[in-house]
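Q: Got a sequence here, can you model it:
(2 chains)
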Amino acid sequence: MTSARQLVVTDLVVERGGRIVISGLSFEVSGGEALVITGPNGAGKTTLMRALAGFLAPKSGQIELRIGAPGSNGMNRDDGLSIAEQAHVIGHLNGIKATLTVAENVAFARSFLANERPAAEAGDLKTDARAFDDIDAALDKLGLGNLAAIPAGLLSAGQKRRLCLARLLVAQRPVWLLDEPTVSLDAVSTRLVASLIDAHVNGGGMALIVTHVPLGLSNYRELELRPTGTGGRPDADTEKSESAPL
Amino acid sequence: MIAPFRALIGRDITLALRDGAGLGTALGFYLIVVTMLPLGLGPDMKLLSRIAPGMLWIAMLLAALLSMARLFEADQEDGSLEVLATGSLPLELVVMAKALAHWLTTAVPLALVTPVLGLLLNLDLAANGPLVLTMLAGTPAISFLGAIGAALTLRARRGGLLVALLVLPLYIPTLIFGISAISAILLDTGAFTPSILILTAISLMSIVLAPIAAAAALRMQFE
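A: Numbers count the residues shown, from 1 in each chain, chains lettered A, B, ... in the order given. As a prediction, this is how the structure comes out:
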């Protein structure tokens, strides 16, 4: 892998409202890995996600996205782009506009979140055609293909969530930070999300997923967060695999 | 950098036109305030004519402020603001795109209907052109400075009035030079050009500096 990325978190301490929510958390995720973050309510899962996305400044500790082959000496901080710019952040809110149609929502996500587009401005018509294909393909994949012209506000909760996840597909980003991505999704859609994550990870991307339901990912590690003050051991990584590891 | 910027402006303009509530409220408010003035002041045509530019400017300022509080609020409520924060576009430019869209969809229409409302106040017809011109030159400051207020009050419940309290004082220079430019036309003192130049300078400064302040305020709101 030429540009393997690694997300390295060292001694992370995050405070919210004067209370330490995450204390001394360290872990690493490399490209091609999925990390499922579990823990009881209030254990700091969402706080961790928001800190990784750069919305919360850590009190101490470091969050670094490194580029280079894992384990080699030549690891540098990824040039220029912050983690937020290289990550898709799916939070509790969907971040879709009710008055825009389904297709318009995805089109906006595509043009706003895509970091670089090969030969972007040169052949505008060509990129437009490609954008159209990308959007169509993403909507079809998520089962929203026949709803493209409907205002997003009219969708059901599960359809809105799937529309929100469509932005994972239209803009390529190496890091996925998913905070309970399967909220209000049915069993079929949950499996669909798991297959999307699997495909992303198999393609060399990394995914950090907060979830309370088993997703059925083919290969993942688990990180269990404990509420601070109850003697948690936050950096206890356990290898788990439901099928043969990659 | 250009493509996401354009996409965001396009999205906000589409939203504003499709929703219509922001612009409709602003135009309606402007109309009703100006209509009530002659009723309150009595049918003294000379008095109305004299105070018309100032009244139109103040009513326009307040009307433009009405939708200001919603600038980031709507995006925060549905989670879009976090999506905007993870784009490759710096938050400063996100603010700039949104304020620019606000200016195009609120302040420009308000400035353009002003000649019609001027009729209600017996505004000298010769002042119509310059008045619209001063408004177009001065209103970018209103949208961009307003963005600071909107960002600061994002998490405050019922932040609308708070925005007005925070940013109305900042509009005073714009108001002063807007009125002085118009007075120059009406009284023929020849001070129109310097006034409108200063007005434009205030707007240009706001366009550059306000997004920096508003983005800093937004980052605090994410915590």
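
Q: hmm, which helix or strand of chain B has the shakiest average pLDDT?
A: helix B:159-167 (a mean of 86; mean pLDDT, DSSP states H and E).

Q: any idea which helix or strand carries the most centrally placed residue in chain B?
A: For chain B, B:Ile142 is the residue whose C-alpha lies nearest the centre (C-alpha atoms, centre = their mean; 3.8 Å). Using DSSP states H and E, B:Ile142 sits within helix B:128-152.

Q: Which positions within that helix qualify as buried?
A: Within helix B:128-152, the residues scored as buried using 16 or more other C-beta atoms under 10 Å in any protein chain shown are B:128, B:130-152. For the C-beta atoms, the positions are set from N, CA and C on the backbone; glycine is no exception.

Q: Could I get the full set of helices for chain B?
A: For chain B, the helices defined by DSSP state H occupy B:2-19, B:21-41, B:45-66, B:70-77, B:80-85, B:91-102, B:108-120, B:128-152, B:159-167, B:172-187, B:192-222.

Q: Can you add distance to chain A and give the ones you listed back as JSON lines?
A: Listed next are the helices of chain B as JSON lines, based on distance: least, C-beta to the nearest C-beta, whole Å:
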{"stretch": "helix B:2-19", "distance to chain A": "4"}
{"stretch": "helix B:21-41", "distance to chain A": "10"}
{"stretch": "helix B:45-66", "distance to chain A": "19"}
{"stretch": "helix B:70-77", "distance to chain A": "8"}
{"stretch": "helix B:80-85", "distance to chain A": "4"}
{"stretch": "helix B:91-102", "distance to chain A": "9"}
{"stretch": "helix B:108-120", "distance to chain A": "19"}
{"stretch": "helix B:128-152", "distance to chain A": "15"}
{"stretch": "helix B:159-167", "distance to chain A": "19"}
{"stretch": "helix B:172-187", "distance to chain A": "31"}
{"stretch": "helix B:192-222", "distance to chain A": "4"}
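
Q: do you know which of those helices lies nearest A:Glu85?
A: helix B:80-85 (9.9 Å; C-beta to C-beta).

Q: Tell me how confident the model is about that closest one, as a mean pLDDT.
A: Averaging pLDDT along helix B:80-85 gives 91.

Q: Check which helices and strands it sits against.
A: The contact analysis (3 or more C-beta pairs under 8 Å, 6 or more residues apart in numbering or on different chains; DSSP states H and E) places helix B:80-85 against helix A:102-113, helix B:70-77, helix B:91-102, helix B:192-222.

Q: what about it, distance to the chain center?
A: 24 Å (C-alpha atoms, centre = their mean, to the nearest Å).

Q: and the angle for the helix holding B:Ile142 with helix B:91-102?
A: If you take axes from the mean of the first three to the mean of the last three C-alpha atoms, to 10 degrees, helix B:128-152 sits at 140 degrees to helix B:91-102.

Q: Could you identify which of the helices of chain B has the lowest mean pLDDT?
A: helix B:159-167 (a mean of 86).

Q: Now chain A against chain B: closest residue?
A: A:Leu93 (2.6 Å; C-beta to the nearest C-beta).

Q: what's the distance between that residue and A:Val170?
A: 19 Å (C-beta to C-beta, to the nearest Å).

Q: neighbour count winner among those two?
A: A:Val170 (20 against 16; other C-beta atoms under 10 Å in any protein chain shown).

Q: got a list of what that one touches?
A: Contact analysis of A:Val170 by C-beta atoms under 8 Å, 6 or more residues apart in numbering or on different chains lists A:Val106, A:Ala109, A:Arg110, A:Leu113, A:Ala114, A:Asp134, A:Ile135, A:Ala138.

Q: Share the number of residues neighbouring the closest residue in space to B:Leu110 that isn't next to it in sequence, please.
A: Spatial nearest neighbour of B:Leu110, excluding adjacent residues (C-beta to C-beta, 6 or more residues apart in numbering or on different chains): B:Met60 at 5.1 Å. Applying other C-beta under 10 Å, we find 28 residues neighbouring B:Met60.

Q: before we move on, the earlier item: mind checking which of the helices of chain B is nearest A:Leu163?
A: Among these, if distance is taken as C-beta to C-beta, the winner is helix B:80-85, at 12.3 Å.

Q: which regions of chain A sit below the pLDDT cut-off?
A: A:1-3, A:68-81, A:115-132, A:229-246 (pLDDT under 70).

Q: what ranges do the helices span in it?
A: Using DSSP H, helices in chain A cover A:45-53, A:83-86, A:102-113, A:124-141, A:157-170, A:187-202.

Q: Among those, which comes closest to B:Ala107?
A: So among the helices of chain A, helix A:102-113 is nearest, using C-beta to C-beta, at 23.6 Å.

Q: so what does that closest one touch, helix or strand wise?
A: Using 3+ C-beta pairs under 8 Å, 6+ apart: helix A:102-113 touches helix A:124-141, helix A:157-170, helix B:2-19, helix B:80-85.

Q: Determine which of these approaches B:Leu175 most closely.
A: That would be helix B:2-19 among those, by C-beta to C-beta, at 24.8 Å.

Q: any chance of the helices and strands packed on helix B:80-85 in TSV, plus mean neighbour count and distance to A:Val183?
A: Putting the helices and strands packed on helix B:80-85 into TSV (neighbours: other C-beta atoms under 10 Å in any protein chain shown; distance: least, C-beta to C-beta, whole Å) gives the following:
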stretch	mean neighbour count	distance to A:Val183
helix A:102-113	25	18
helix B:70-77	20	17
helix B:91-102	23	26
helix B:192-222	18	21
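
Q: Perfect, I'm done here.
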